[in-house]
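Novice: Need coordinates for the below:
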Amino acid sequence: MPRFLTAQRIKSSIQALADSRGKPALVEFLVVKRTLAIKGQPSVAIAQSEQAFVQASTELAAVQAVIDAKAEKQLYNVFSIRDNTKGFRLGKHISNGTNSTIGAIKWQTVIDLSSDKPRKASLRPGYEARLTDLLLRSGNDPKPLLGDMAIVNFRRRDLDALFGGETDPTRRLELLKEQFTAEFAFTPTEISELFDAGGGEITDSDLQSATASPEDYLEGLATPVTTEDATAVTGKSCSLDLVAALAAKPFVILTGTSGTGKSRSTLRLAESLQELYAAQVNSQIFQLVAIGPDWTSPKKLLGFRTPFGQTRKREDGSETNESYEITETLRIILRACHPNSIKIPHFLVFDEMNLSHVERYFAPFLSLMEASSILVDSENAPIIDDHSLAVISELLNAELKPPTEGAEAKPSVEAESAKLLVSSGQSLKLPPNLFYVGTVNIDETTHMFSPKVLDRAHVLEVKALTPSQYVAGSSESLAIDLAVANELLREAIDDRESDEAVGSNPAAILDLLVTKHGVDAAELAKAKELTLKTLDGCFKLLGPTGFEFGFRVVKEVHGYMHVWTKAQLATGMDPAAAMAEWINGLDRAIFQKVLPKIHGNRSALGDSLKALAAFLDGAHGKSETPARYSLGAEATVDIAEAEAITIPAGTQFKQCREKLLAMHARLIARNHVSFVK
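Specialist: Coordinates of the predicted model:
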């Protein structure tokens, strides 16, 4: 009698896998492993012309038993079920998957690709030590269960012959795991690195006489899980505001009086992480770049190709004068791209970023960072063209030539990275593990930021301390342990790599707090409502002054709130206590994303700043301190009673209100004001 897994049992395993640390890349690796096992050879073509590859892809990723090139949503990946595609691959064809994925530079420590056509893949010696970083996410979620992976793989298989007369539910699952291990030719190390053996069972109620319909088990998202224990402490602390902003958006601008330690706070974080990763990297993970007043193009950051370099010999013996001006910025981008560094945060720190017009020299970074945050299932455009990258690789390799015959020289990390990119036909793109921090001073020698720049960054204000506070070594900023900061940044890297925050509904990212972190759904619904009501009020009051904001701000406020709440949970708070901190996070999000663009004179702003401060204190247009103002001869702008926000007792938008009232006072005194001056 045929025995197939029920839709409910398959769906339960899919949900458990989606809750685990498995990344979408894990399925791609399993396809390679299964293809090699079917073929029975150490290398195999990962191409549609190879039947073993088609079979492996069908078993693991096909919705139906046969892949139909004309069908929509025929391929899926259980580990990308959390994104806006719900696990379905957007491309119809197998060629949109594994054989494209494994060509990326981050796979170079695991997969060897031959120069054949089609290319053949094999497992690189020592690959097992690299599997965790490549295929599992950071965080406290469990590893995927081997049994769940086996159930998904055998979702269409008649298990009668495998089970025989076995009636013990636990033993049935063990038989399934043994068969799965054998068919994929897993090594013990692969199993221990990628999976938890775990318990479980297959009861009679988990079996039926017909194949389950995919429509019955490929719906829904991951089920809630409880928050794990707090991350182990390192004893070192860093700024919560800086880390949360970086985790929410890789570009942060620090403003404040000269000498307040803007660059120092970022460098302290980077240096601490450098120590934390000392055993894993032998190169610097951060770079301080001093911006010059004459920077009018990206050349100072990214260098440039020139035909007038010194004569040099290529590996083929030919001579050339073609050269490239390799900058320190370019070097750290290459270091961050190295396969050994893909999970390690790297930092570019721009000192006095506004000494020149940011829009001119930083334009490629602004465009590519934005593209990566809005495009679904699409790779960033390259930051350096392929021809230039080939020249850069040649020059970096030439740096390694020993001064005397027989001497040995170890390649630099950036040289290895460039060589891997060129040899695998990859372009140099901005990696998801690179974070950008710029410091700003405002005086007669600097330039104001345009809305384009401010829109694409989180803006933090570093306040000056009193002399006695400096001497005492105190700080007004919140601090978190370095281990927690590291986890938040690593999770942000994973999210950017998998496009987890990409989607049309900015509030959808917050649903992960329920499905992944045990936050109460009703409490989150109230927080979402407060967030939108607050943003609507800010929009209404700022709109007439010309400072209304668009979708990007709304999206990034929600993204920040996701990170902020995760940060509270990571420090050991339970979900209820973390949600009680929502207004403090929302206060920071609005401060960093809504207020920085505000500037102008008294006739342009009127009393809008004072009205906005009142609104953020819970006022409406008829309150004693009203959320209302008039602008010239135009109609009065006010907040209706129904539009006022209800603020829990003992909480307030402290940062925003203090900043708005200070800006209003400067506006009255000087007849002009801006966020940074």
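Novice: CA atoms for contacts and neighbours, from now on please.
Specialist: Fine.
Novice: which stretches of the stretch 201-350 of the chain form strands?
Specialist: 207-208, 237-239, 251-255, 286-290, 305-306, 312-313, 319-320, 323-324, 346-351 (DSSP state E, counting those that start in this stretch).
Novice: export those to JSON lines and tack on mean neighbour count, mean pLDDT and distance to Val554?
Specialist: Formatted as JSON lines, the strands of the stretch 201-350 of the chain follow (neighbours: other CA atoms under 10 Å; pLDDT from 0 to 100; distance: least, CA to CA, whole Å):
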{"stretch": "strand 207-208", "mean neighbour count": "18", "mean pLDDT": "95", "distance to Val554": "47"}
{"stretch": "strand 237-239", "mean neighbour count": "20", "mean pLDDT": "90", "distance to Val554": "24"}
{"stretch": "strand 251-255", "mean neighbour count": "24", "mean pLDDT": "94", "distance to Val554": "17"}
{"stretch": "strand 286-290", "mean neighbour count": "18", "mean pLDDT": "95", "distance to Val554": "30"}
{"stretch": "strand 305-306", "mean neighbour count": "15", "mean pLDDT": "94", "distance to Val554": "40"}
{"stretch": "strand 312-313", "mean neighbour count": "14", "mean pLDDT": "88", "distance to Val554": "53"}
{"stretch": "strand 319-320", "mean neighbour count": "12", "mean pLDDT": "91", "distance to Val554": "52"}
{"stretch": "strand 323-324", "mean neighbour count": "20", "mean pLDDT": "96", "distance to Val554": "41"}
{"stretch": "strand 346-351", "mean neighbour count": "23", "mean pLDDT": "96", "distance to Val554": "26"}
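Novice: residue nearest the centroid of this protein?
Specialist: By CA atoms, centre = their mean, the mean C-alpha position of the chain lies nearest to Arg496, the distance being 2.7 Å.
Novice: Run the chain-centre distance for the helix or strand where that residue lies.
Specialist: Following DSSP states H and E, one finds Arg496 within helix 482-498. Going by CA atoms, centre = their mean, to the nearest Å, the spacing between the C-alpha centre of helix 482-498 and its chain's C-alpha centre is 7 Å.
Novice: With just CA atoms, put that helix into CSV.
Specialist: The C-alpha coordinates for helix 482-498 follow below in CSV (Å, rounded to 0.1, in the frame of the first residue of the first chain):
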residue,chain,number,x,y,z
LEU,A,482,29.8,44.4,21.6
ALA,A,483,28.6,40.8,21.2
VAL,A,484,25.0,42.1,20.8
ALA,A,485,26.2,44.7,18.3
ASN,A,486,28.1,42.1,16.3
GLU,A,487,25.0,39.9,16.1
LEU,A,488,22.8,42.8,15.0
LEU,A,489,25.3,43.8,12.3
ARG,A,490,25.7,40.2,11.1
GLU,A,491,21.9,39.7,10.9
ALA,A,492,21.7,43.0,8.9
ILE,A,493,24.3,41.5,6.5
ASP,A,494,22.2,38.4,6.1
ASP,A,495,19.1,40.4,5.5
ARG,A,496,20.7,42.6,2.8
GLU,A,497,22.2,39.5,1.1
SER,A,498,18.8,37.8,1.0
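Novice: wait, which of the strands of the stretch 201-350 of the chain is closest to Leu609?
Specialist: Taking CA to CA, strand 251-255 is the member of the strands of the stretch 201-350 of the chain nearest to Leu609, at 19.8 Å.
Novice: Which neighbouring elements make contact with the closest one?
Specialist: Applying 3 or more CA pairs under 8 Å, 6 or more residues apart in numbering; DSSP states H and E, one finds that strand 251-255 contacts helix 240-248, strand 434-440, strand 458-461.
Novice: Contacts for the last one, please.
Specialist: Residues external to strand 458-461 that are found in contact with it (CA atoms under 8 Å, 6 or more residues apart in numbering): 241-242, 245-246, 249, 251-256, 591-593, 596.
Novice: Reformat the helices and strands packed on strand 251-255 as JSON lines; add mean neighbour count, mean pLDDT and distance to Arg21.
Specialist: As requested, the helices and strands packed on strand 251-255 are exported to JSON lines (neighbours: other CA under 10 Å; pLDDT from 0 to 100; distance: least, CA to CA, whole Å):
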{"stretch": "helix 240-248", "mean neighbour count": "24", "mean pLDDT": "96", "distance to Arg21": "18"}
{"stretch": "strand 434-440", "mean neighbour count": "23", "mean pLDDT": "94", "distance to Arg21": "22"}
{"stretch": "strand 458-461", "mean neighbour count": "26", "mean pLDDT": "94", "distance to Arg21": "28"}
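Novice: got a markdown table for the ones you listed, with distance to Ala604 too?
Specialist: Below are the helices and strands packed on strand 251-255 laid out as a markdown table (distance: least, CA to CA, whole Å):
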| stretch | distance to Ala604 |
| --- | --- |
| helix 240-248 | 30 |
| strand 434-440 | 25 |
| strand 458-461 | 23 |
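Novice: hang on, the earlier thing: quick check: angle from the helix holding Arg496 to helix 240-248?
Specialist: 20 degrees (axes from the mean of the first three to the mean of the last three CA atoms, to 10 degrees).
Novice: Show the subsequent helix or strand relative to helix 482-498.
Specialist: The element immediately downstream of helix 482-498 (helix or strand, assigned by DSSP H and E) is helix 512-517.
Novice: Give me the helices and strands touching the next helix or strand after that following helix, please.
Specialist: Beyond helix 512-517 in the direction of the C-terminus, DSSP H and E gives the next helix or strand as helix 521-542. Counting contacts by 3+ CA pairs under 8 Å, 6+ apart, helix 521-542 is packed against helix 575-580, helix 608-615, strand 637-638.
Novice: Tell me which of the ones you listed is the most buried.
Specialist: Comparing the helices and strands packed on helix 521-542 by mean neighbour count (mean count of other CA atoms under 10 Å), helix 608-615 ranks first with a mean of 26.
Novice: Using PDB, write down the CA coordinates of that helix.
Specialist: Included here for helix 608-615 are C-alpha records, laid out as PDB according to Å, rounded to 0.1, in the frame of the first residue of the first chain:
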ATOM      1  CA  SER A 608       5.600  74.700  12.300                       C
ATOM      2  CA  LEU A 609       8.400  73.300  14.400                       C
ATOM      3  CA  LYS A 610       6.700  74.400  17.700                       C
ATOM      4  CA  ALA A 611       3.500  72.800  16.400                       C
ATOM      5  CA  LEU A 612       5.200  69.600  15.500                       C
ATOM      6  CA  ALA A 613       6.800  69.400  19.000                       C
ATOM      7  CA  ALA A 614       3.400  69.800  20.500                       C
ATOM      8  CA  PHE A 615       1.900  67.100  18.300                       C
END
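Novice: I'd guessed Leu389 sits against Val422; true?
Specialist: Yes. With contacts counted by CA atoms under 8 Å, Leu389 reaches Val422, the gap being 7.1 Å.
Novice: Can you tell me the SS state at Met149?
Specialist: With DSSP: H, G, I helix; E, B strand; the rest coil as the basis, the three-state label of Met149 is helix.
Novice: lowest average confidence, helix or strand, in this protein?
Specialist: Ranking every helix and strand in the chain by mean pLDDT, DSSP states H and E puts helix 467-472 at the bottom, with a mean of 67.
Novice: thinking again about what came up before, ok, which of the helices and strands packed on strand 251-255 comes nearest Arg331?
Specialist: strand 434-440 (12.1 Å).
Novice: Domain parsing of the protein, as residue ranges.
Specialist: Following automatic domain parsing, the chain resolves into domains at 4-217, 238-472, 503-674.
Novice: hang on, the earlier thing: JSON lines for the strands of the stretch 201-350 of the chain, including distance to Asn441?
Specialist: Output for the strands of the stretch 201-350 of the chain, formatted as JSON lines (distance: least, CA to CA, whole Å):
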{"stretch": "strand 207-208", "distance to Asn441": "68"}
{"stretch": "strand 237-239", "distance to Asn441": "20"}
{"stretch": "strand 251-255", "distance to Asn441": "7"}
{"stretch": "strand 286-290", "distance to Asn441": "13"}
{"stretch": "strand 305-306", "distance to Asn441": "32"}
{"stretch": "strand 312-313", "distance to Asn441": "43"}
{"stretch": "strand 319-320", "distance to Asn441": "44"}
{"stretch": "strand 323-324", "distance to Asn441": "32"}
{"stretch": "strand 346-351", "distance to Asn441": "9"}
